[in-house]
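**Q** Sequence and predicted structure below; questions after.
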Amino acid sequence: MSTIDRWFVRLTRSLARRSSRRSVLAQLAGVLVGSAALPLLPVARAFGASPVPGEPHPSTPSGDPGSCDYWRHCAIDGFLCACCGGSQNTCPPGTEMSSITWIGTCKNPADGKEYVISYNDCCGQSVCGRCNCTRTEGEKPVYITPKNNDALWCFGTKSRAVQCSVAVVLGVATESS
Amino acid sequence: MTRAALAAALLAAAPAERAHTPEIDYALHCQGCHLADGRATPGSVPALAGTVARLARTPGGREYMGRVPGVAQAPLADAELALLLTWVVKRFGGPDDFAPYTPDEVGRLRAQPLVDVAAARRALLENDVR
């Protein structure tokens, strides 16, 4: 037996004398679970997320996309897609986002900036019925149609049935200098 | 302080609606229907892409663009609207020597909004032989 083999045998026997099988398994399990949970920590997620063009920086507190009070819903009228199988940016599966939309601004209290928000309807299925919101910041009366959110905005889509609405951030509402 | 003076002071202190860049005004007042790239939505909205450039070179086209309902009724001051219209003409391929709209000109044009927009557009573009 070589010197290295004898040294390794001595090391493993002494390790076996000092530690029980259970404690080794417990420590190994701790390391495995711990490393799996590490990416779920909020700090890790904030650093890991990459900025989306136009959207507030991922580290900015954002709020609850399923709430009418969510900052970017300041002029939304309809059912929130975040409660209907989609998100604040995406339509639920099986629906089509109307490209024609109404557009306004909302202030994000987390960074104090005004953002341009596009309220697109998701069309092609019957109404969702969950998280119905009616907020009216900057909305104009119905006779100024492009600035009114009571209207159904499923234009240019295969179906005019509306299921829910999203609030897509287009960018910061830059002011002229 | 009298009531009138107080009201005047409050009015003076009230923040005026802040002006945006023409690009943001396009997003806020045009893009909802005309889309970011100005393409048509068949059956709903006519194209800006391709059409604005032709109108900008057609006699009467300049006036037409100041009188269409979306322009005439935009909740913008004449000066902002003049900047926005000029930006739209450049953005959608208008001629390099296109003279910028002035606030006075826009004020005059928007005071006479078009009633039959489709007919006016058809007449202008049919006369355009280029």
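**A** Perfect, thanks for sending it. Numbering: from 1, shown residues only, chains lettered A, B, ... in the order given.
**Q** Contact residues of chain B facing chain A?
**A** Contacts of chain B with chain A, taken as C-beta under 8 Å from any C-beta of the partner chain, map to B:18-24, B:27-29, B:31-33, B:35, B:41-45, B:70, B:73, B:75, B:83. Every C-beta, even on glycine, is put in place using the N, C-alpha and C of the backbone.
**Q** what about burial for the residues you listed, which qualify?
**A** Neighbour-count burial (16 or more other C-beta atoms under 10 Å in any protein chain shown) applied to these gives B:19-24, B:27-29, B:31-33, B:35, B:41, B:45, B:70, B:73, B:83.
**Q** lowest-confidence helix or strand of chain A?
**A** Using mean pLDDT, DSSP states H and E, helix A:42-48 stands out as the lowest-scoring helix or strand of chain A, at a mean of 43.
**Q** before we move on, what about chain B?
**A** In chain B, no helix or strand scores lower on mean pLDDT, DSSP H and E than helix B:3-13, which sits at a mean of 46.
**Q** Chain B contacts on chain A?
**A** Proximity of chain A to chain B, by C-beta under 8 Å from any C-beta, involves residues A:99-105, A:116, A:118, A:140, A:144, A:146-147, A:155-156, A:170-171, A:173-176.
**Q** can you count the residues close to residue 66?
**A** In the absence of a named chain, this looks at chain A. Each residue near A:Gly66 was counted by other C-beta atoms under 10 Å in any protein chain shown, and the total is 16.
**Q** my question was about chain B
**A** 23.
**Q** Tabulate the CA atom coordinates of the helix or strand hosting it in CSV.
**A** Following DSSP states H and E, one finds B:Gly66 within helix B:61-67. Provided in CSV are the C-alpha atoms of helix B:61-67 (Å, rounded to 0.1, in the frame of the first residue of the first chain):
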residue,chain,number,x,y,z
GLY,B,61,-51.5,68.3,-46.9
ARG,B,62,-49.9,70.6,-44.4
GLU,B,63,-53.3,72.2,-43.6
TYR,B,64,-55.0,68.8,-43.5
MET,B,65,-52.6,67.5,-40.9
GLY,B,66,-53.4,70.5,-38.6
ARG,B,67,-57.2,69.9,-38.9
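**Q** May I see the buried residues of the next helix or strand after it?
**A** Following helix B:61-67 in sequence order, the next helix or strand is helix B:69-72 (DSSP H and E). By neighbour count with 16+ other C-beta under 10 Å, helix B:69-72 contains the buried residues B:Gly70, B:Val71, B:Ala72.
**Q** Please apply the same query to stretch A:79-88.
**A** A:Phe79, A:Leu80, A:Cys81, A:Ala82, A:Cys83, A:Cys84, A:Gly85, A:Gly86, A:Gln88.
**Q** Just give me the closest of those to A:Gly63.
**A** A:Gln88 (9.9 Å; C-beta to C-beta).
**Q** need the contact list for the closest one.
**A** Going by C-beta atoms under 8 Å, 6 or more residues apart in numbering or on different chains, A:Gln88 touches A:Pro65, A:Tyr70, A:Arg72, A:Leu80, A:Cys81, A:Ala82, A:Val166, A:Ala167, A:Val168.
**Q** Just grab the bridge partners of the fourth one for me.
**A** When bridges are assigned using DSSP bridges, the partners listed for A:Leu80 are A:Ser165.
**Q** B:Ala27: what's it in contact with?
**A** B:Ala27 is in contact with A:Ile103, A:Val116, A:Leu170, A:Gly171, B:Ala36, counting by C-beta under 8 Å, 6+ apart.
**Q** That one in helix, strand or coil?
**A** Under DSSP: H, G, I helix; E, B strand; the rest coil, B:Ala27 falls in the helix class.
**Q** Quick check: it vs B:Gly93, distance?
**A** Using C-beta to C-beta, to the nearest Å, one gets 19 Å for the distance from B:Ala27 to B:Gly93.
**Q** count of neighbours near A:Ser177?
**A** A:Ser177 has 5 neighbours, counted by other C-beta under 10 Å.
**Q** Is it correct that it falls within a strand?
**A** No - counting by three-state DSSP, A:Ser177 is not found in a strand; it is coil.
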